[in-house]
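fold the following and give me the result.
(one chain, ligands or ions: 2)
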Amino acid sequence: MTTGKINVSVENIFPLIKKFLYSDHEIFLRELVSNATDATLKLKHLTSIGEAKTEYGSPRIEIKIDKDAKKLHIIDQGIGMTADEVEKYINQVAFSGAEEFLDKYKDSAKDTGIIGHFGLGFYSAFMVADKVEIITKSYKDEPAAHWTCDGSPEFTLEPSDKTDRGTEIILHIADDSLEFLEESKIRELLNKYNKFMPIPIKFGTRQNALPKPEDAPEDYKTEYETVDHIVNNPNPAWTKQPSELAAEDYQSFYRELYPMQFEEPLFHIHLNVDHPFNLTGILYFPRLGADLQIQKDKIQLYQNQVFVTDNVEGIVPEFLTMLKGVIDSPDIPLNVSRSYLQADGNVKKISNYITRKVADKLKSLFTENREDFEAKWNDIKIVLEYGMLSEPKFYEKAGAFVLYPTVDGQYFTLEELKEKLKDNQTDKDGKLVVLYAGNKDAQHAYIDAAKAKGYEVLLLDSPIVSHLIQKLESDNSDLTFVRVDSDHVDNLIKKDENAVSKLSDEQQTSLKTVVEDIVPKTTYTVQLEALDSNAAPFLITQPEFMRRMKE
Ligand code: ADP
Ligand code: MG
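Numbers count the residues shown, from 1 in each chain. Ligands and ions are numbered 1, 2, ... in the order given. Got it, this is the predicted structure:
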């Protein structure tokens, strides 16, 4: 037997990068802007601890397109690199990057898309460029360096006459990637990935209207100045403390996130934890109504203010993927498959934290302003009911704020409801009978009949209500849910025994016969009612078990 080491040559990395990162090759810009941001943040740190003897100033990152020369420039004023550092970080990373890449490549066989989602950092530039230059000057007192590489393992490294601190990356855009020389394309990418990155990013200029002077003449024409166009908001709301923010700040951040969304959110939940994991974010409850045609993928996931994905499946509990907003956490492992995510302990903790935080917020909204909470109930119930069914941790807390509305627009918690039914609505076995209707109009005759007898009737009309009822019945042995048009209603203890029909016995029998002739006897029962009540003259009811069987 022979054993050996397969020699992976660095020559292989460029075709691999092109091939496997192809579906997401646009992330190169995110990676390069991330590096520029890191370089700037490093400088900030070094100046703050006095290690870098230089002014931090107000550095920014600039993106420039040179369409004629087919070049894209990413320029920063960060720490820069000495020639030695270029050797160390750039040239050697090609090797470690290759190793890392091949590691991931094994994984991607079963779950492609992983790599496309997670970049190779600097070398992702070669997905769109056939030649890359780095011109860089360190904050240290050393000459600037100029590195050039055309995608083969050979590179050149020579001195440069750059005098100002920082790094300029020049991408010579390949012919199959010319779209990245379009201003609109770059703007789109910056808006997608870099909108909330922490260092100002300049891309082009814009016209800024000057304030009208006090002594402006009648025919004054607005004057403009040309200013740098900063495309990002370096201090998004979620990075601040809740105490620093007013209700309007949350509203305007929502607008920033969803410029095309005209509806106001119902309320927000600010997430903010740094132990045992780090997570910040703001979630919004949008107006959902009762329909299940809910747009998912509305929560954006960031890592240190860099956009990663809007698919948060596995990280946010499923019932909350109907919400909107952002979460930002450096502790979510992103370069792994979704199935692994579910098993990751940290991710489970994050998911539980979000569930708990949402439940706590709902509880405080309910206790602080019940009236307002009731008014919003119809718009949030679907999320909450779904949460009760799918998340045991949420279910445990839901009793404190989940509401059961009556057909008359009263709202009860489950405890209040039980209290209400106790004396008036029990069956032979002593169980509390919760009467409910799914549709006020279609079932109005039954609702009226039940109300005439003094019963409470709930209006439970969300699409998952039958599951919810099953769950509530199995967890509350003292409760039984009965639809208002079921014949069980008749078994309730309280019944108006004295009501007398206006019809004679004979008339009753013939009416019953007529109706029974037209409805299928096996599944429905015909009951005659006292005509002097407000109820309908007769009711056709269906045994509860028959109805449930069909559902
Ligand atoms: P990572 O960012 O994960 O370290 P990259 O491949 O993106 O990996 O970058 C490799 C290294 O090159 C960085 O860690 C950094 O030391 C150096 N580097 C890249 N871009 C810059 C830059 N704009 N300014 C200073 N150093 C940089
Ligand atoms: Mg990087």
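
test my guess that Gly121 contacts Asn35.
Yes - using Cβ atoms under 8 Å, Gly121 is in contact with Asn35, at 6.8 Å. Where C-beta positions appear, they are placed from N, C-alpha and C, glycine not excepted.

please say which of the two ends up with more neighbours.
Asn35 (20 against 17; other Cβ atoms under 10 Å).

excluding its backbone neighbours, what's nearest Asp390?
One correction, residue 390 is Ser, not Asp. Phe319 (5.3 Å; Cβ to Cβ, 6 or more residues apart in numbering).

tell me the secondary structure for Glu214?
Look at Glu214: counting by DSSP: H, G, I helix; E, B strand; the rest coil, its state is coil.

I'd like the distance between it and Asp38.
In this view, Glu214 and Asp38 are 47 Å apart by Cβ to Cβ, to the nearest Å.

comparing those two, which shows the higher neighbour count?
A count of neighbours by other Cβ under 10 Å puts Asp38 above the other of Glu214 and Asp38, at 16 against 5.

flag every buried residue along the host helix or strand of the more buried one.
When secondary structure is defined by DSSP states H and E, Asp38 falls within helix 27-48. Using 16 or more other Cβ atoms under 10 Å as the test for burial, helix 27-48 gives 27-41, 43-44, 46-47.

so where's the stretch 251-400 of the chain shaky on pLDDT?
289-297, 333-343 (pLDDT under 70).

helix or strand for the residue in the stretch 151-300 of the chain that ligand 1 sits nearest to, which one?
In the stretch 151-300 of the chain, no residue comes nearer to ligand 1 than Thr167, which is 3.7 Å away by Cβ to the nearest ligand atom. Element membership of Thr167, judged by DSSP H and E, is strand 166-173.

ok, that strand: who's next to it in the sheet?
strand 71-76 (antiparallel), strand 129-137 (antiparallel) (DSSP bridges).

what's the following helix or strand after the last one?
Translated: strand 129-137. Next along from strand 129-137, by DSSP H and E: strand 144-149.

against which helices or strands is that following strand packed?
Applying 3 or more Cβ pairs under 8 Å, 6 or more residues apart in numbering; DSSP states H and E, one finds that strand 144-149 contacts strand 129-137, strand 155-160.

ranking those by mean neighbour count, which comes first?
strand 129-137 (a mean of 21; mean count of other Cβ atoms under 10 Å).

for it, give me every contacting residue.
Contact with strand 129-137 is made by 28, 72, 80-81, 86, 90, 125-126, 143-151, 160, 162-175, 177, as judged by Cβ atoms under 8 Å, 6 or more residues apart in numbering.

out of the residues you listed, which are buried?
Taking 16+ other Cβ under 10 Å as the criterion, what is buried in the contacts of strand 129-137 is 28, 72, 80-81, 86, 90, 125-126, 144-149, 151, 160, 162, 165-174, 177.

so where's this protein shaky on pLDDT?
Ranges of the chain meeting pLDDT under 70: 2-23, 92-120, 289-297, 333-343, 487-503, 519-551.

same thing but 50
22, 94-102, 104-105, 107-119, 290, 336, 493-497, 530-533 (pLDDT under 50).

who in this structure is up against ligand 1?
31, 35-36, 39, 76, 78-81, 89-90, 93, 121-122, 167 (Cβ under 6 Å from any ligand atom).

got the contact list for stretch 431-438?
404, 407, 417-418, 421-422, 425-427, 443, 446-447, 450, 455-461, 465, 469, 478-485, 488-489, 492.

filter the residues you listed down to the buried ones, ChimeraX style.
Restricted to buried positions by 16+ other Cβ under 10 Å, the ChimeraX selection for those reads:
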select :404,407,417,421,425,426,443,446,447,450,455,456,457,458,459,460,465,469,479,480,481,482,483,484,485,488,489,492
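
just to revisit the earlier point, could I get the helices and strands packed on strand 144-149 as JSON lines with distance to ligand 2?
Below are the helices and strands packed on strand 144-149 laid out as JSON lines (distance: least, Cβ to the ion, whole Å):
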{"stretch": "strand 129-137", "distance to ligand 2": "13"}
{"stretch": "strand 155-160", "distance to ligand 2": "18"}
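
now distance to Thr226 too, for the ones you listed, in JSON lines please.
Formatted as JSON lines, these follow (distance: least, Cβ to Cβ, whole Å):
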{"stretch": "strand 129-137", "distance to Thr226": "27"}
{"stretch": "strand 155-160", "distance to Thr226": "30"}
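
between those, which one is closest to Tyr353.
strand 129-137 (41.0 Å; Cβ to Cβ).

tell me the residues of this protein that contact ligand 2?
Residues of the chain found near ligand 2 (Cβ under 5 Å from the ion) are 35, 121.

and the residue of the chain nearest ligand 2?
Gly121 (3.5 Å; Cβ to the ion).

contact partners for Glu55?
Thr47.

and it, its phi and psi?
phi -70, psi 130 (degrees, to the nearest 10).

which strand residues bridge the spatially closest residue to Met81 that is not a sequence neighbour?
Of all residues not flanking Met81 in the chain, Thr136 sits nearest, at 4.6 Å (Cβ to Cβ, 6+ apart). Taking DSSP bridges as the rule, Thr136 bridges to Ala145, Thr167.

how near is Thr136 to Ala39?
9 Å.

which residues are in contact with both of these two?
With Cβ under 8 Å, 6+ apart as the test, Thr136 and Ala39 both reach 80, 166-167.

how about a markdown table for the residues you listed, with distance to Ser252 added?
Formatted as a markdown table, the shared contacts of Thr136 and Ala39 follow (distance: Cβ to Cβ, whole Å):
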| residue | distance to Ser252 |
| --- | --- |
| Gly80 | 37 |
| Gly166 | 33 |
| Thr167 | 34 |
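
tell me the one of these nearest Gln508?
Thr167 (93.9 Å).

surely that closest one meets Ala39?
Yes - applying Cβ under 8 Å as the test, Thr167 and Ala39 come out as touching, 6.1 Å apart.

okay, and the common contacts of these two?
Joint contacts of Thr167 and Ala39 (Cβ under 8 Å, 6+ apart) are 76, 78, 80.

which one among those gets closest to Tyr353?
Nearest to Tyr353 among those, with distances taken as Cβ to Cβ, is Gly78, at 33.7 Å.

ramachandran coordinates for the nearest residue to Phe267 once chain neighbours are set aside?
The shortest distance from Phe267 to any residue other than its chain neighbours is 5.4 Å, reached at Phe285 (Cβ to Cβ, 6+ apart). Note on Phe285: backbone dihedrals following degrees, to the nearest 10 are phi -90, psi 110.

try Phe412
The phi/psi pair for Phe412 (degrees, to the nearest 10) is phi -120, psi 150.

and the gap between the closest residue to it other than its chain neighbours and Ser364?
Leaving aside its sequence neighbours, Phe412 sits nearest to Tyr404 (Cβ to Cβ, 6+ apart; 5.1 Å). Separation of Tyr404 from Ser364 (Cβ to Cβ) stands at 20 Å.

His270 now?
For His270, the distance to Ser364 - Cβ to Cβ - is 12 Å.
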